[in-house]
Structures are given as C-alpha cells and as structure tokens.
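# structure for this input, please:
(one chain, ligands or ions: 2)
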Amino acid sequence: MRDQIYAAPLPEVSGFAFDEAVARVFPDMIRRSVPGYTTIIPMIELICARYARAGTRLYDLGCSLGASTLAMRHGVKQRDCQLIGVDNSEAMLSQCRAYVEADSASAPVELVLGDIRDQAIDNASVVTLNFTLQFLPPQDRQPLLQTIFDGLQPGGVLILSEKICFNEPEQSIQEVLHHDFKRANGYSDLEISQKRTSLENVLITESIEAHQQRLKAVGFSQALVWYQCFNFVSMLAVKV
Ligand SMILES: C[S@@+](CC[C@H](N)C(=O)[O-])C[C@H]1O[C@@H](n2cnc3c(N)ncnc32)[C@H](O)[C@@H]1O
Ligand SMILES: O=C(O)C(=O)C[C@]1(C(=O)O)C=C[C@@H](O)C=C1
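Ligands and ions are numbered 1, 2, ... in the order given. Model (predicted):
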C-alpha cells in the first residue's frame, strides 16, 4: 500500500508514531524515505551469515514488520540459532507475526511485544538495531548499548543503522540530497515538510563520531561504517 499519510494538508501535524496507519504502509514508506534501505536489508542477511554462531541468539530490536528479522533468519545457516524480534508497537508486531509465519526459513523466531530497553540480551552472536536507536531519548542509548555489549559472545556483532547529522555546511548538503531522494520517489514538498515536522523531537539524530565514541565507550573494539548514503549510515560494531 502506498504511503499517503502526509499527502493532504493537516490542520496540525502530530508527533510521528508507529500506529496502525503507519504499519499499513510501512514497507512503502521506509523504502521511499531511507536512501539505501533496500541495500541494507540484504547486507544484514550476509553479515548474519558471517557472524552468527551455532547455539546462540540473534536479536532484532525494533523489528517493525520483520524485514530485518527475516533477512537475519535467511542469513543464519548455523545450527541451533534462535531469533528474537522485539517491538513495542502492537500494530507493527501483529503484521510482523503474519510475515514470519508466511516465511519459509527454518530458524525459530520469537516475537516480543515490549520495550527494547527492558529486553534481556543473552548468549547473542548478532544484534540488529536497524533505524531504531534514533527513536530512543539520547540518555537511554548508552545503557541499551551496554546491555547489548554485555549480552554478546566474544566475536559477536551489533549492526547499527541510523539517520545521522553533520556539522554545517555538510548537514545542508546531505539534507537537500535526502529530500531529492524522497522527491524522486514521488513524495511532494508538502509530504516532505509535514513528515519532517512530525519527526521533530521524535527521531533525534547524532553524528557518526558520537555513535562511534559511544560504541567504544561500552566496550566495542571496532565501530566501522560499512554503508552510507547521504545522511543514513549502517555501522558494524565488533566485540573481540
Ligand atoms: C524505523 S522502524 C525499524 C525498521 C525495521 N528494523 C526494518 O528493518 O524494517 C523503528 C521501529 O522501532 C520500534 N521502536 C521504537 N522505539 C522502541 C522501543 N523503545 N521499544 C521497542 N520498539 C521500539 C517502532 O515501533 C518501529 O517499529
Ligand atoms: O528522516 C526521514 O525523513 C524519514 O522518513 C526516516 C524514517 C526512519 O529513518 O526511520 C522515519 C520514519 C519511518 O520509520 C521511515 C523512515
């Protein structure tokens, strides 16, 4: 279904929420809004194939409709792996359940309706935060990353994808190109501007350096950028 949530002028633009209306159009919305999303999903599969370890858990935190969860599930070839997808949006998770049931891969998937800040991470080889950390209040990010680091086995990885910000003048250049990407995907100036308003104070971006510093602070020895398109990146943090 096509995303037309911000197509008509709204008397008041409320804060962005992952509700029923967003869940219905989410695959179209994220594909047309996030440069590189359609590349990042298959690469998550490939990264999981490399880093999953037999007998471990793989977590997808903020799994939405399960695009990243299913990529992880298809990547895992190792024995006795278990996937855990977590999301606090009921609308997202109920749709996700249907997609997981319709999927043919064999690794077991548990879906948890809950807050990722309350999720225990244990015996993990891969944890994915694919455009989810950006929605947490900044002060909650380091404690979550610490929980993830502590729950990873040695050699385990965190895949962290985020919208990011830059110092000027780069910020303006990257932002204009991101809006060009949205326009090229059929979004009008009104849609771009109303969505932008709705994301204010909801999606809080940080710089690549801020992300890398925090990943190092919680203990990751490597925090490398494996993908960037305009103001969207995906990082790979490795626990030695
Ligand atoms: C941009 S979407 C993630 C997209 C998804 N990972 C993918 O690859 O298609 C962000 C998701 O994080 C969820 N989310 C945001 N804050 C959360 C929290 N504190 N606990 C659990 N889920 C959260 C939202 O409900 C939403 O489904
Ligand atoms: O930054 C924007 O304009 C976006 O639309 C980005 C973004 C995201 O990065 O998650 C915001 C909300 C939706 O989940 C889809 C895309």
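
# tell me which residues in stretch 233-240 are buried?
By neighbour count on 16 or more other CB atoms under 10 Å, the buried set for stretch 233-240 is 233-239. Where you see a C-beta, it was placed from the backbone N, CA and C, and this is true even at glycine.

# then stretch 110-117?
So, applying 16+ other CB under 10 Å, buried residues of stretch 110-117: 111-112, 116.

# give me every residue that touches the closest residue to residue 197 other than its chain neighbours.
Of all residues not flanking residue 197 in the chain, residue 13 sits nearest, at 4.4 Å (CB to CB, 6 or more residues apart in numbering). Residue 13 is in contact with 6, 194, 197-198, counting by CB atoms under 8 Å, 6 or more residues apart in numbering.

# what ranges does this protein have for its strands?
Using DSSP state E, the strands found in the chain span residues 57-61, 82-87, 109-113, 124-130, 152-163, 222-229, 232-238.

# in this protein, what residue comes closest to ligand 1?
residue 62 (2.8 Å; CB to the nearest ligand atom).

# per-residue pLDDT of that residue, please?
The score at residue 62 is 99. That number is its pLDDT.

# the closest residue to it other than its chain neighbours: how many residues sit nearby?
Leaving aside its sequence neighbours, residue 62 sits nearest to residue 132 (CB to CB, 6+ apart; 2.7 Å). Residue 132 has 21 neighbouring residues, counting by other CB atoms under 10 Å.

# from residue 202, how far off is residue 132?
13 Å (CB to CB, to the nearest Å).

# what does residue 10 give?
Residue 10 is 15 Å from residue 202, by CB to CB.

# cool, thanks, signing off.
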